[in-house]
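[1] Dropping a prediction and its sequence here:
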Amino acid sequence: MLEFIKTFLAVLLTLLVIALLAVTGLYFYLIYEREAVPSTPESSSQLIVPEPSVEEPTETPSPPAATEEPIPEQESTQPETPAIEARYAYRTLTDAQQRLYARYLQALQAMEEGIQVTAEEEAELGGMDLFALFNCVMDDYPELFWVSNSMQRHITSLSNQVLHTDIQFDYILEEASRDAYQQQLETRVDAWLAGVPEGTDEYAKALYIYEQVIHRTDYVRNAPYNQNILSVFLYGESVCNGYAKAAQYMLNRLGMECVTIGGEAVGEGSHAWNLVKVNGEYYYLDPTWGDPVFSNNTMERFENIAYDYFLVTSRDIGNTHVAKTAYPLPDCTATADNYFVRTDRYFTAYDPEAVKALITADITAGLDKSMLRFGGEDVYRQATEALFGQEAIFAMLPAGEEPTAAREIAYTTTDAMQIVTVYFG
């Protein structure tokens, strides 16, 4: 009889343990990190491509070294940034998705540990994953620099029926550190934005931001906080996610619609760039690819900005970039504010006299290069064959500018964009 009771109690205890496990549920962890690979388009020049970096610091690094003028010790007013309704990813979502997006945002801004999502709320998302919705918030809000590009979720179920999901956010800074960095950040950004040309259209503003990010930032694989805007504004070093978010943040501060797009550079790996609305039309923008590192046989670096991916179409960007977003992207077809169109460097036909006039004007202006884009594969092949295959480039140079032993001419071609850049050494 005693043995029977012991056996009965053992079975009962086992059943209780199983029931307890069913109630408490299982843990599932989803960790995401947007890699930053500054890949470059296929080109005839030799390209130095840094290795990818996806690491965020686990400890607060030393105060930033002075990359420019010291940051003054003063209060910076809270900047005006676009309302949630003006954020691109948010506007593409359904009502139910927007409600949960808003809860994510509120919790992240307050640095709350997490939120709880009921099974009913998740069912209303129309198949959108909870982490994909988190990415929508992060793509829209570059100012959330204290938030890691990762989250955890804990699913609670009973008898194989999901009851709710607990979302746990990860932060890379404590609240006090965040507030200290915020003040430094806004003071620095205010200084950068003070140089925006007045009385200009959105093209000029976007061009200024693009050039500022590139001029003031070095691509450094292991830069502190390389997945957010601190790396650019306070350290002057970053990778593609930092470049894209910094450009987005300043464009947002200017009242321009912009979002960071995550995806892949074809054949290279994970990458990040921007979608921006300029003068009423959508374009793509890639500030990382505007900061190339070219080299010749002596490994000499050309310190030049590339405009190949400044305000381009979906067709242009699609040759080398593959977006991976949970929200739809527009078909960008406008070309009026493309850099080469706005600066009269776009040729729909190969015209030797027009090319010569542009090169002469660039040399006369003291520029160290001429950039030309040709409209279509056939025109591009005709131009490159004439200029370099038949060496017509030498006939394009004004008198006294011919190559010498001390003065060389180099060139690069970007096949994906039909762009030729001629450098005057």
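    Right, received. Where do you want to start?
[2] hey, let's count contacts and neighbours off CA atoms from now on
    Will do.
[3] Which is the succeeding secondary structure element to the worst-scoring helix or strand of the chain on mean pLDDT?
    Sorting the helices and strands of the chain by mean pLDDT, DSSP states H and E puts strand 46-47 at the bottom, at a mean of 26. Under the assignment DSSP states H and E, the closest C-terminal helix or strand after strand 46-47 is helix 88-91.
[4] Which is the succeeding secondary structure element to that next one?
    Proceeding N to C from helix 88-91, the next assigned helix or strand is helix 95-109, under DSSP H and E.
[5] what's that next one in contact with?
    90, 113-115, 121, 124-125, 133-134, 136-137, 144, 147, 169 (C-alpha atoms under 8 Å, 6 or more residues apart in numbering).
[6] Check which residues of that helix are buried.
    Gln97, Gln98, Leu100, Tyr101, Tyr104, Leu105, Leu108 (16 or more other C-alpha atoms under 10 Å).
[7] For that helix, list the C-alpha coordinates in CSV.
    Listed next in CSV are the C-alpha coordinates belonging to helix 95-109 (Å, rounded to 0.1, in the frame of the first residue of the first chain):
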residue,chain,number,x,y,z
ASP,A,95,-4.1,50.7,-38.2
ALA,A,96,-3.3,47.7,-36.0
GLN,A,97,0.4,47.8,-37.0
GLN,A,98,0.5,51.5,-36.3
ARG,A,99,-0.9,51.0,-32.8
LEU,A,100,1.7,48.5,-31.8
TYR,A,101,4.4,50.6,-33.5
ALA,A,102,3.4,53.5,-31.3
ARG,A,103,3.7,51.3,-28.2
TYR,A,104,7.2,50.2,-29.3
LEU,A,105,8.2,53.8,-29.8
GLN,A,106,6.9,55.0,-26.5
ALA,A,107,8.6,52.3,-24.6
LEU,A,108,11.9,52.8,-26.4
GLN,A,109,11.9,56.6,-25.8
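[8] Give the rounded mean pLDDT of that helix.
    The predicted model gives helix 95-109 an average pLDDT of 98.
[9] and after it, which helix or strand comes next?
    strand 114-118.
[10] List the buried residues of whichever helix or strand comes after that next one.
    Where DSSP H and E defines the elements, the next helix or strand beyond strand 114-118 is helix 119-123. For helix 119-123, a neighbour-count test (16+ other C-alpha under 10 Å) marks Ala119, Glu121, Glu122 as buried.
[11] Next: stretch 343-358.
    Neighbour count says stretch 343-358 has Arg345, Tyr346, Phe347, Tyr350, Pro352, Val355, Lys356, Leu358 buried, by 16+ other C-alpha under 10 Å.
[12] What about those, which are in helices?
    Pro352, Val355, Lys356, Leu358 (DSSP state H).
[13] Would you mind checking which of those is nearest to Tyr181?
    When those are ranked by distance to Tyr181 (C-alpha to C-alpha), Leu358 comes first, at 46.0 Å.
[14] Phi, psi for Asp218 please.
    phi -110, psi 140 (degrees, to the nearest 10).
[15] where exactly do the strands run in the stretch 151-300 of the chain?
    Secondary structure of the stretch 151-300 of the chain (DSSP state E, counting those that start in this stretch): strands at 161-171, 218-219, 237-238, 258-265, 269-278, 281-285, 294-295.
[16] Quick one: the buried residues of stretch 343-358 as a markdown table, columns for distance to Trp192 and pLDDT too.
    Formatted as a markdown table, these follow (distance: C-alpha to C-alpha, whole Å; pLDDT from 0 to 100):
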| residue | distance to Trp192 | pLDDT |
| --- | --- | --- |
| Arg345 | 28 | 97 |
| Tyr346 | 30 | 98 |
| Phe347 | 34 | 97 |
| Tyr350 | 40 | 96 |
| Pro352 | 40 | 95 |
| Val355 | 35 | 95 |
| Lys356 | 37 | 93 |
| Leu358 | 32 | 95 |
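[17] Looking at the residues you listed, which one is closest to Ala191?
    Checking the buried residues of stretch 343-358 against Ala191 with C-alpha to C-alpha, the nearest one is Arg345 at 31.8 Å.
[18] what's near enough to touch the closest one?
    So Arg345 contacts Leu358, Met371, Leu372, Arg373 (C-alpha under 8 Å, 6+ apart).
[19] OK, contacts around Gln418?
    Counting by C-alpha under 8 Å, 6+ apart, Gln418 has contacts Arg373, Phe374, Gly375, Gly376, Glu377, Tyr380.
[20] can you pull the pLDDT of it?
    pLDDT, Gln418: 96.
[21] Give me the distance between it and Asp337.
    17 Å (C-alpha to C-alpha, to the nearest Å).
[22] got it, and Phe145?
    Phe145 sits 31 Å away from Asp337, going by C-alpha to C-alpha.
[23] can you check Tyr90 too?
    Distance, Tyr90 to Asp337, using C-alpha to C-alpha: 26 Å.
[24] burial of Arg342, as a residue count?
    Around Arg342 there are 12 other residues, counting by other C-alpha atoms under 10 Å.
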